[in-house]
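Novice: Sequence and predicted structure, then a few things I'm wondering about:
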Amino acid sequence: MRCAAPGFTLIELMITVAIVAILAATALPAYQNYTTRARLSEVVLALGACRTSITELYQSSGSGPGANNWGCEGVSSKYVGSFTTDANGVVTATIAGISAAVNGQTVTMIPMATIGTPADATTDMGSGLQAWSCGSAGTTVGKSYLPSSCRGN
């Protein structure tokens, strides 16, 4: 009496390898986008340090300090190449060290005097800010890479 050897046949192993390859091919790009978004969230957190100091100045100061003098331009982050601020407090971060898809691009945060109206340092100093717009005008990074908290709101 002959007994069949236990184990998998070659076709069963080939089907398993094919299924794993298909799953990996679909999961890898999604994972790469996820890691890029996670690293960009650190850029948005670094911008938050500027948001705090600029908000305080808009609330308590009588005049704007001018471009690159808002007190937060020295903030460092692993994924931020440089910070700049303009005369109205718009903060721009240039991305570095994340991936070829986003390196060299920018993310901006704009202080808003009222919802939908950017703040102007010549007229709005001393009156405070209503909100901040992250990822809108001046942002060159694609919205698919930005964290959901920074997609033009």
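Specialist: In hand now; what should we look at?

Novice: where does Leu57 land on pLDDT?
Specialist: pLDDT, Leu57: 89.

Novice: can you check Ala4 too?
Specialist: 67.

Novice: any weak-confidence spans in this structure?
Specialist: By pLDDT under 70, the low-scoring segments of the chain are 1-2, 4-5, 153.

Novice: ok, the residue positioned nearest the centre of it - contacts?
Specialist: In the chain, the C-alpha nearest the mean C-alpha coordinate belongs to Leu40, at 3.5 Å (CA atoms, centre = their mean). By CB atoms under 8 Å, 6 or more residues apart in numbering, the contact set of Leu40 is Tyr79, Ile95, Ile98, Val102, Val107, Val141, Tyr145, Leu146, Pro147, Cys150. Every C-beta, even on glycine, is put in place using the N, C-alpha and C of the backbone.

Novice: out of those, who's nearest Gly62?
Specialist: Closest approach between the contacts of Leu40 and Gly62, by CB to CB: Val107, at 29.7 Å.

Novice: burial of Ala119, as a residue count?
Specialist: Per other CB atoms under 10 Å, the neighbour tally for Ala119 reads 26.

Novice: if you go through this structure in chain order, where are the helices?
Specialist: 10-60 (DSSP state H).

Novice: Next, the angle from the longest strand along the chain to helix 10-60.
Specialist: The residue-count maximum for a strand in the chain (DSSP state E) belongs to strand 106-114. Angle between the axes of strand 106-114 and helix 10-60 is 40 degrees (criterion: axes from the mean of the first three to the mean of the last three CA atoms, to 10 degrees).

Novice: What strands flank strand 106-114, and is each parallel or antiparallel?
Specialist: strand 91-95 (antiparallel), strand 117-118 (antiparallel), strand 131-134 (antiparallel) (DSSP bridges).

Novice: what's in contact with the shortest one?
Specialist: Residues from elsewhere that reach strand 117-118 (CB under 8 Å, 6+ apart): Asn88, Val90, Ile110, Pro111, Met112, Ser133.
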